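> Here you go, sequence then predicted model.
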2 protein chains.
Amino acid sequence: MPEKEDKIIVGIDLGGTGIKIGITDESYEILAQTSIPTNAQRPFEQIVADMGNTALKLLEENGYSVGNCLGVGIGSPGTIDSKNGIVLYSNNIRWEHVPLADELKKYLPLPVYVNNDANCAALGEVARGAARGCANAAFVTLGTGVGGGIVINGSIFEGGHPGGVELGHILNGSEGRKCTCGREDCLEAYASATALIHDAKEMAKQHPESVLWALCEQDLEQMNAKMPFDAAETGDACGKLLVENYIRHLADGITDIANIFRPDIIVLGGGICAQGEKLTEPLNQYLQKNCFGASIAYVPEVVIAENGNDAGIIGAASLVQI
Amino acid sequence: MPEKEDKIIVGIDLGGTGIKIGITDESYEILAQTSIPTNAQRPFEQIVADMGNTALKLLEENGYSVGNCLGVGIGSPGTIDSKNGIVLYSNNIRWEHVPLADELKKYLPLPVYVNNDANCAALGEVARGAARGCANAAFVTLGTGVGGGIVINGSIFEGGHPGGVELGHILNGSEGRKCTCGREDCLEAYASATALIHDAKEMAKQHPESVLWALCEQDLEQMNAKMPFDAAETGDACGKLLVENYIRHLADGITDIANIFRPDIIVLGGGICAQGEKLTEPLNQYLQKNCFGASIAYVPEVVIAENGNDAGIIGAASLVQI
């Protein structure tokens, strides 16, 4: 294949089990991608060598060289020193103080940017997604936990010290639920998919007459975050109560985020977002009513993320700003 | 008096009842100050004329002219468009869309900066106060309401749209207390001086045997935010319960702020801060235990503001950055 001349970006989505590597154009559209297992138990040098060599191979296979490349962005789980490209601490890959950017430059002698994966996802939705064209956006991801990122004036807002902007760790409920962070009653303990599944299991156990119990085929291990919504859709009282309660907690968390950051838009990511308007409609209603100064001030709209499975690569690539 | 050559700043603290006008040196130390009544019912042009002419007189009386002046900073209550120096909305002075900076330039042809008074107080503590030398600081003021400001990289953080950074309006309690903003259970509804006084009145009414009841001389109208602390100091069960409850709510609010902004330091202002270590000690203990990633990440210290009665002028002056 003859060597191409167009400029591209390498976006790398580092996860606890797999590493996705992609090439995007200057609009962050993915042109090619591949993935490798992380094998997180290896020394980090081996993981980064695999990452670098796989990226080089992907470039070559697609007719590019390092010379085409404007830079490399990496989204990593954990707490990141983005200024120096260091993974300070990541529970998922069990890294501490890993100089990821410098290590990768040994293979890809380019500007390398590293940031937290949720921050990357936020920036990716601004670069090419539901928040396209917005200077200021909040991104909230509803998964195993509740994470997120804030974009202010087109850049990731990181707070004063690494480990800031923990959007899932603001006070939310009052049941004394233990959060994964050690504190009680964080948003994550009520609005994560994990929390919804936990609540749904409790509810189903107590209500063998419910549609919910039928949906999981009388096996609590089969319960997922979609079932409460599906049960509610049929009119099942248990499902309706679960969904109502879940949305109320999430709405309060989102109102806090609006009152603190007053972004142009609030983007929701994570598996639960497949519920679409079943989530955004009541959330927007709540926000219109409860956001500070709602009658006179700007109230951001809540929308669903657009980048889906590509969020990791697009988000990482968007660290390389054009 | 011969004209001086040193550079100075004019800081103006605009309030609903009075306007404080001060001259500071380049370290934001107040060299001279005066005050005039706001008479808020007048057209804004008259108020600003008074403001400008009084500032000119103060300069002259102290041997300065406009030529000595690096700029003018104004702290205003309400929602401010700081980029354009416009008071978008202020309940206290009943202003809407007042072009404050442009109007004042008619009298003081200088760079004029306007920001929200709580934001100014935050910046003032960084410029010359408890957060001196910190690039990143959170300021929380406990008064009639709960307000505050965030300084990131030495500048006021304003969020995406005017009306952001409403630190008093994040979810806190679960009693269904109506907040002044219309929402239920905001931090302000539990951690303002107003909330503490309200709780103390309720408690005293129910406990005529309490020290609290004696302290207010059996007259609930005399209750203030100091009395619960004074009662607690004597071992009074009612006082202790009130203080414990108040601090727990405040601690949760401050933990949220730490988790979201991860500043170098958290500065508390407002009348209740006269309690000093009775506040900061338990708050710091709570934060050390409950802040996200406390065992590995930076945990900000909670301290008491230093600028006291001068906070308005120093904060406003600090908008003019050297």
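Looks like it came in fine.
> going forward, measure contacts and count neighbours with C-alpha atoms only.
Will do.
> helix/strand/coil for residue A:71?
Counting by DSSP: H, G, I helix; E, B strand; the rest coil, the backbone at residue A:71 sits in strand.
> State the distance from it to residue B:121.
Distance from residue A:71 to residue B:121, counting by C-alpha to C-alpha, to the nearest Å: 41 Å.
> between these two, who's got more neighbours?
Using other C-alpha atoms under 10 Å in any protein chain shown as the criterion, residue A:71 and residue B:121 rank with residue B:121 on top: 33 against 23.
> and the stretch 151-300 of chain A, which of its residues are near chain B?
Contact residues, the stretch 151-300 of chain A versus chain B (C-alpha under 8 Å from any C-alpha of the partner chain): A:152-153, A:158-167, A:169-174, A:181-183, A:252-253, A:255-256, A:258-264, A:290-293, A:297-298.
> Out of those, which sit inside helices?
Mapping those onto helices (DSSP state H) picks out A:252-253, A:255-256, A:258-261, A:290.
> Residue of the stretch 201-322 of chain A closest to chain B, please.
Proximity of the stretch 201-322 of chain A to chain B (C-alpha to the nearest C-alpha) peaks at residue A:260, 4.0 Å away.
> Let me see the contact set for that residue.
When contacts are counted by C-alpha atoms under 8 Å, 6 or more residues apart in numbering or on different chains, residue A:260 touches B:159, B:164-167, B:170.
> The residues you listed also near chain A: which ones?
B:159, B:164-167, B:170.
> which of those residues has the most neighbours?
residue B:170 (31 neighbours).
> looking at it, that one is touching residue B:186, isn't it?
Yes. Counting by C-alpha atoms under 8 Å, residue B:170 does reach residue B:186; the two are 5.2 Å apart.
> how does chain A divide up, domain by domain?
Using automatic domain parsing, the domain parsing of chain A gives A:8-128+A:310-317, A:137-305.
> What's the mean pLDDT across the first one?
Pointing back at domain A:8-128+A:310-317 there. On average, the pLDDT along domain A:8-128+A:310-317 is 96.
> measure it end to end?
End-to-end distance (C-alpha to C-alpha), domain A:8-128+A:310-317: 9 Å.
> mind checking how far that domain is from the chain centre?
Relative to its chain's centre, domain A:8-128+A:310-317 lies at 15 Å (C-alpha atoms, centre = their mean, to the nearest Å).
> And stretch A:310-322, by the same measure?
On the basis of C-alpha atoms, centre = their mean, stretch A:310-322 sits 12 Å off its chain's mean C-alpha point.
> how about the strands in the stretch 101-250 of chain A?
A:112-116, A:137-142, A:146-152, A:155-157 (DSSP state E, counting those that start in this stretch).
> So which elements touch the last one?
Secondary-structure packing of strand A:155-157 (3 or more C-alpha pairs under 8 Å, 6 or more residues apart in numbering or on different chains; DSSP states H and E): helix A:117-128, strand A:146-152.
> Next: the first one.
If you count contacts as 3+ C-alpha pairs under 8 Å, 6+ apart, strand A:112-116 packs onto strand A:69-76, strand A:79-81, helix A:100-105.
> Now stretch A:297-315: buried residues?
Buried residues in stretch A:297-315, counted by 16 or more other C-alpha atoms under 10 Å in any protein chain shown: A:297-308, A:310-315.
> Ok, which of the helices and strands packed on strand A:112-116 comes nearest chain B?
Closest among the helices and strands packed on strand A:112-116, using C-alpha to the nearest C-alpha: strand A:79-81, at 8.8 Å.
> right, and the helix or strand after the closest one?
Counting by DSSP states H and E, the element after strand A:79-81 in chain order, helix or strand, is strand A:86-90.
> tell me the contacts of whichever residue of the stretch 51-200 of chain A sits closest to chain B?
Proximity of the stretch 51-200 of chain A to chain B (C-alpha to the nearest C-alpha) peaks at residue A:165, 4.0 Å away. Neighbour list for residue A:165: A:148-150, A:157-159, B:259-262 [criterion: C-alpha under 8 Å, 6+ apart].
> In chain A, which residue is most central in space?
residue A:118 (4.0 Å; C-alpha atoms, centre = their mean).
> The nearest residue to that one once chain neighbours are set aside and residue A:116, how far apart?
Nearest residue to residue A:118, sequence neighbours excluded (C-alpha to C-alpha, 6 or more residues apart in numbering or on different chains): residue A:148, at 5.0 Å. Residue A:148 sits 9 Å away from residue A:116, going by C-alpha to C-alpha.
> between those two, which one's more packed in?
Using other C-alpha under 10 Å as the criterion, residue A:148 and residue A:116 rank with residue A:116 on top: 28 against 24.
> from memory the more buried one sits against residue A:83, does it?
No. The criterion here is C-alpha under 8 Å, and residue A:116 misses it with residue A:83 at 11.9 Å.
> coming back round to it: which two of the ones next to chain A among the contacts of residue A:260 have the greatest separation?
Pairwise distances across those (C-alpha to C-alpha) peak at 14.8 Å, for the pair B:159 and B:170.
> contacting residues for residue A:128?
A:27-29, A:307, A:314.
> Switch the residues you listed over to CSV; also include secondary structure and distance to residue B:139.
Shown next, in CSV, are the contacts of residue A:128 (DSSP: H, G, I helix; E, B strand; the rest coil; distance: C-alpha to C-alpha, whole Å):
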residue, secondary structure, distance to residue B:139
A:27, coil, 40
A:28, coil, 39
A:29, coil, 42
A:307, coil, 37
A:314, helix, 36
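> Done for today, thanks.
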